[in-house]
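**Student:** sequence and predicted structure below; questions after.
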Amino acid sequence: MPIRIPDSLPATAALESENIFVMTEYRAMHQDIRPLRVLLLNLMPTKITTETQILRKLSNTPIQVEIELLQTASHQSKNTAAEHLESFYTTFDEVRHQHFDGLIITGAPVEKLEFEDVDYWPELCEIMEWSKTHVHSTLHICWGAQAGIYYHYGVPKHTLDHKVFGVFDHQLVKTTSPLVRGYDDCFWAPHSRFTEVEAADIEAHPDLELIAVSDEAGVYIAKSTDSQNFFVFGHPEYDRDTLKAEYDRDIAKGMDMAVPAHYFPNDDPAQTPRSSWFSHAQLLYTNWLNYYVYQTTPYDITQAGRE
């Protein structure tokens, strides 16, 4: 959240030059405030786990947020109880005439498939097209980021020789972006995917900008220049034990899986995993919600997303 200080205070210019968000008295007095409406499209099979992880990040801010949970109607979830979905989730037909300040599209374990071969791809495309005129800002995560950057900007994904799996060191490419305010020059973040989007394709697109990358894991954060779409190609919402659960699951299936990189002390799966990404993960969600949703969304929500 911004600090409110007198318009003519000498510190104002200095703080703004340091990329610190300052709100003048004039702006504070003329600011309309209401709860934010955020729609969460949960594409993960373990929906309760994913919704809990993301809601934890959204709730750890001083901003009041109203959450609507969305599922695809064209795909039947096999890992979440029907009672839970019926009680807490809605479908696109029920919200298509509404407007939202923010939309979050999660990852999904379908990255080995071509986008067009995913059974709910037509419905997802319809939702992403709808977001242009009904959502102020959209945050895409992991496969959702690959799907979003492909649909909106034609940037393709590429299959990797091996799974990017673990917690990796990253560097900021654009240190002045409000999305990464408070970040250290180097920071850690989890990845779990078989495909990637290449930095060169993002840098070559005039409507996109690169924010953060990893020498080992590749692109981590990118966004559209108009700040309507954000793409995070890892899993900042993951809990301490999420990668361990994925590793144990795949080992139990008899799969030849490498130990998640930079995750277990001494790469020993018998030890408790290290959490090295929580603070930056929280900043990512907080900064997106504050700078790109709360501070810029229209007070009249029916104007959200209008082109």
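**Tutor:** Alright, I've got the coordinates.
**Student:** A strand includes Ser192, no?
**Tutor:** Yes. With DSSP: H, G, I helix; E, B strand; the rest coil as the criterion, Ser192 is part of a strand.
**Student:** what are the bridge partners for it, then?
**Tutor:** Per DSSP bridges, residues listed as beta-bridge partners of Ser192: Phe165.
**Student:** let me know whether it touches Leu243 as I believe.
**Tutor:** Yes. Between Ser192 and Leu243 there is a contact at 6.5 Å, judged by Cβ atoms under 8 Å. For the C-beta atoms, the positions are set from N, CA and C on the backbone; glycine is no exception.
**Student:** neighbour count: these two, which is higher?
**Tutor:** Set side by side, Ser192 and Leu243 give different neighbour counts by other Cβ atoms under 10 Å, the larger being at Leu243 (23 against 20).
**Student:** point me to the helix or strand that includes Gly254.
**Tutor:** Taking DSSP states H and E as the definition, Gly254 sits outside all helices and strands.
**Student:** again, but for Ile251
**Tutor:** Element membership for Ile251 (DSSP H and E) is helix 242-252.
**Student:** what is that helix packed up against?
**Tutor:** strand 158-172, strand 186-196 (3 or more Cβ pairs under 8 Å, 6 or more residues apart in numbering; DSSP states H and E).
**Student:** what is the last one packed up against?
**Tutor:** Using 3+ Cβ pairs under 8 Å, 6+ apart as the contact test, the elements touching strand 186-196 are strand 158-172, strand 208-214, strand 218-224, helix 242-252, helix 278-287.
**Student:** which residue ranges form the strands in the protein?
**Tutor:** Assigned strands in the chain, in chain order: 3-5, 22-24, 36-41, 65-70, 89-90, 100-105, 135-141, 158-172, 186-196, 208-214, 218-224, 229-232 (criterion: DSSP state E).
**Student:** so which of those comes closest to Gly148?
**Tutor:** Checking those against Gly148 by Cβ to Cβ gives strand 135-141 as the closest, at 3.8 Å.
**Student:** out of the helices and strands packed on helix 242-252, deepest packed?
**Tutor:** strand 186-196 (a mean of 21; mean count of other Cβ atoms under 10 Å).
**Student:** what are the contacting residues of stretch 261-281?
**Tutor:** Stretch 261-281 is contacted from outside by 57, 165-169, 183-184, 187-190, 216, 236-238, 240-241, 243-244, 247-248, 259-260, using Cβ atoms under 8 Å, 6 or more residues apart in numbering.
**Student:** which positions within that stretch qualify as buried?
**Tutor:** Ala261, Tyr263, Phe264, Pro273, Ser275, Ser276, Trp277, His280, Ala281 (16 or more other Cβ atoms under 10 Å).
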